[in-house]
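Peer 1: heads up, no residue letters with this:
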């Protein structure tokens, strides 16, 4: 239990360092830009494909039930609300945690194992600010965009599925999809992925930056990064959803 | 490096573009960028409406609920602030009714604004539209339950009647079945007819007898024809015709005689030369005769009182007491003659009174009268018996009534008992004072008087 609290304290201290050093000049724009490309652009195909597949599956599952109740016209609305409110942010965060978290943890752990971080430090460069802050910042900046891609990919998949079954027009589908959608259903859930990105970047960087077990620690850091960041994303989602309901009570059903 | 920059640029632009697109799509659905006007409405029961809920104007999605003010007291209502597109302003009138509706079976609640009447003015911004409370599901269920109960009662009644009908039908079928079984078994007349060979033989025999009877009848008819032919051959028909002709002639004579008699009667009963019929003449003759009789009666009454004829009438005894006043009766020497035979009877000796005070002749009173008449039997002659009635009642009308009643009771008894005519027994009611010289100043009862032979 003691180790658990020590670990929580270390992670919290690490996260606090990230926040403090993010806004302390000089800001490493080049590194941030580079990490946006790594985290965002290269994750987009995975996110888009997953969203498309999930949209199709989601429509297939909900359609029969809604048609049974004579609410076939609500299929686009159900699809949009499901993706914009929960599925999009959460699945995008989990996918990024799986792909990027492991990458961050493995890269930084490998740099630690090969003493590259020590070399950076020898050059009087703040390795933390140079390696960790850009990765966390990239995750924070990119994840809302990836979530938006995920939402629209899910809608597209739902439309394709619905079009195959009922030949609904795209205009009618979009109209119905956004009829019951409020800003409270889109902006807060999308922006909560900022927290998810911070968790993913911080946890993954922590495991990589603090490892000292050589090559073996690289693999463990990658695994731990994925597991813990995914778990924390889900736990954080619970808290954030509750916070959103408090801030926007009309969005709570 | 350049490729990476391009990729990142595309990723960022596309991501931001999608994010912005989402904002606009959602905003366009909520008509965020259109012009609006705001109105209010009030509901006691929101039925699940929330802030941000849709507002449809005549079915067109034209606004949303922007605020809900909670009532301050139980009697107050929720006040809803509605934001509606300005282009729908012309159809939202001051009398537009606001109701709460549901989208489909599982859909969300929304406000429905009905278009107002053309006569009403456009509603002004900030006005309060009239509302209609949503139907309470509990009330609906209660009504449905009542309807189901009624239907259940009707079904039960119908079921009972159907059962009764089925029971009746079953009984009828059972009876019919018993009847058929009985027929099959030869029970009853019909069954016997169906199964009894003896009866069938008898019927067959009866039919043969009918055939034979018909043949005999035919033969008899033939003989009757022969008989008629024989009569015709002997000219009996002609003779009968002559007899009938004579009878017809006699009837005509009787008819003519009857007509003559009727003519005679008509002549006798017909109107005379002055046009007055016989019945009228007879009626007038009888009327004349009555008048002549009345005149004759008056003349005879005058004769009775005439100086020359009064003695004759006194001697004849045809003096009518009905025309003689009591005072004159008391002063008249004929009735105050002390030689007249008088039998005095007290009221208690002759009469009994019932509860109402009506007096009737008692049995002992009748016996006393019998004794008195018996003593006079040898003296009775052409002169009438006079029954004097007396009463000592307090006033004169009662005296007159009682004395007359007592005299009449005794008179009627004497007539009935001794079979005397009306003129043989007469009455005189004298109040309470008898005639002078009879030895009594006052009397209460009856006195039977037989005039002295010299006075008659």
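Peer 2: Noted; the coordinates are in hand. Note that the structure is a prediction, hence the values are computed from the model and not measured. Numbering: from 1, shown residues only, chains lettered A, B, ... in the order given.
Peer 1: Run a quick neighbour tally on the nearest residue to residue A:202 once chain neighbours are set aside.
Peer 2: In this structure, residue A:202 finds its nearest non-sequential neighbour in residue A:15, 4.6 Å apart by Cβ to Cβ, 6 or more residues apart in numbering or on different chains. Bear in mind the C-beta positions are built from the backbone N, C-alpha and C, glycine included. By the criterion of other Cβ atoms under 10 Å in any protein chain shown, residue A:15 has 18 neighbours.
Peer 1: quick one: terminal-to-terminal distance for stretch B:48-64?
Peer 2: By Cα to Cα, to the nearest Å, the extent of stretch B:48-64 from end to end equals 14 Å.
Peer 1: And for that stretch, what's in contact with it?
Peer 2: With contacts defined as Cβ atoms under 8 Å, 6 or more residues apart in numbering or on different chains, stretch B:48-64 is touched by A:179, A:182, A:184, A:250, B:30-31, B:36, B:43, B:65-68, B:80, B:82-85, B:88, B:91-92, B:100-101, B:108-115.
Peer 1: Now do the contacts for whatever residue of chain B ends up closest to chain A.
Peer 2: Using Cβ to the nearest Cβ, residue B:15 is the residue of chain B that sits closest to chain A, at 2.8 Å. Applying Cβ under 8 Å, 6+ apart, we find residue B:15 in contact with A:40, A:142, A:144-146, A:148-149.
Peer 1: Let's see that with 7 Å instead.
Peer 2: For residue B:15, the contacting residues are A:145, A:148-149, by Cβ atoms under 7 Å, 6 or more residues apart in numbering or on different chains.
Peer 1: Kindly identify which of these also come near chain B.
Peer 2: Near chain B, taking Cβ under 7 Å from any Cβ of the partner chain as the test, the members of the contacts of residue B:15 found are A:145, A:148-149.
Peer 1: Now flag whichever of the residues you listed is closest to chain B.
Peer 2: Taking the ones next to chain B among the contacts of residue B:15 together and measuring to chain B by Cβ to the nearest Cβ, the closest member is residue A:145, at 2.8 Å.
Peer 1: what's the weakest-modelled helix or strand in chain A?
Peer 2: Between all helices and strands in chain A, the lowest mean by mean pLDDT, DSSP states H and E belongs to helix A:127, at a mean of 80.
Peer 1: Next, work out how far apart the closest residue to residue A:35 other than its chain neighbours and residue A:121 are.
Peer 2: Using Cβ to Cβ, 6+ apart and skipping the chain neighbours, the partner closest in space to residue A:35 is residue A:138 (3.4 Å). Separation of residue A:138 from residue A:121 (Cβ to Cβ, to the nearest Å): 22 Å.
Peer 1: Which one of those two is surrounded by more residues?
Peer 2: Using other Cβ under 10 Å, the more surrounded residue of residue A:138 and residue A:121 is residue A:138, with 25 against 14.
Peer 1: Report the residue spans of the stretch 251-400 of chain B with pLDDT below the cut-off.
Peer 2: B:268-269, B:272-273, B:277-279, B:297, B:300-301, B:303-323, B:382 (pLDDT under 70).
Peer 1: need the helices for it, in chain order.
Peer 2: Counting by DSSP state H, counting those that start in this stretch, the stretch 251-400 of chain B has helices at residues B:278-305, B:310-316, B:326-331, B:333-336, B:347-350, B:363-376, B:396-418.
Peer 1: Dump the ones you listed into JSON lines; add mean neighbour count and distance to residue A:101 as well.
Peer 2: As requested, those are exported to JSON lines (neighbours: other Cβ atoms under 10 Å in any protein chain shown; distance: least, Cβ to Cβ, whole Å):
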{"stretch": "helix B:278-305", "mean neighbour count": "11", "distance to residue A:101": "148"}
{"stretch": "helix B:310-316", "mean neighbour count": "13", "distance to residue A:101": "170"}
{"stretch": "helix B:326-331", "mean neighbour count": "14", "distance to residue A:101": "158"}
{"stretch": "helix B:333-336", "mean neighbour count": "16", "distance to residue A:101": "166"}
{"stretch": "helix B:347-350", "mean neighbour count": "17", "distance to residue A:101": "151"}
{"stretch": "helix B:363-376", "mean neighbour count": "15", "distance to residue A:101": "149"}
{"stretch": "helix B:396-418", "mean neighbour count": "18", "distance to residue A:101": "145"}
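Peer 1: Any chance of TSV for the ones you listed, columns distance to chain A?
Peer 2: Shown next, in TSV, are those (distance: least, Cβ to the nearest Cβ, whole Å):
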stretch	distance to chain A
helix B:278-305	105
helix B:310-316	131
helix B:326-331	121
helix B:333-336	129
helix B:347-350	116
helix B:363-376	113
helix B:396-418	109
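Peer 1: ok, residue A:132 - how many residues close by?
Peer 2: Residue A:132, neighbours per other Cβ under 10 Å, totals 26.
Peer 1: how about it, what does it touch?
Peer 2: Counting by Cβ under 7 Å, 6+ apart, residue A:132 touches A:18, A:205, A:209.
Peer 1: What of residue B:70?
Peer 2: By Cβ under 7 Å, 6+ apart, the contact list for residue B:70 reads residue B:78.
Peer 1: for residue B:435, helix, strand, or coil?
Peer 2: Assigned by DSSP: H, G, I helix; E, B strand; the rest coil, the conformation of residue B:435 is coil.
Peer 1: residues in contact with it?
Peer 2: Contacts of residue B:435 (Cβ under 7 Å, 6+ apart): B:329-330, B:335-336.
Peer 1: Correct me if wrong, but residue A:79 is in a helix.
Peer 2: Yes - judged by three-state DSSP, residue A:79 forms part of a helix.
Peer 1: The contacts of residue B:15 into CSV, with extra columns for secondary structure?
Peer 2: Putting the contacts of residue B:15 into CSV (three-state DSSP) gives the following:
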residue, secondary structure
A:145, helix
A:148, helix
A:149, helix
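Peer 1: can you give me the helices for chain A?
Peer 2: Assigned by DSSP state H, the helices in chain A fall at A:2-22, A:29-36, A:44-68, A:75-82, A:88-96, A:102-113, A:116-122, A:127, A:133-166, A:170-179, A:187-191, A:193-209, A:214-247.
Peer 1: which stretches of the stretch 101-250 of chain A have low pLDDT?
Peer 2: Within the stretch 101-250 of chain A, the stretches with pLDDT under 70 are A:250.
Peer 1: Get me the contact residues on it for chain B.
Peer 2: A:145, A:148-149, A:152, A:174, A:178-183, A:186, A:250.
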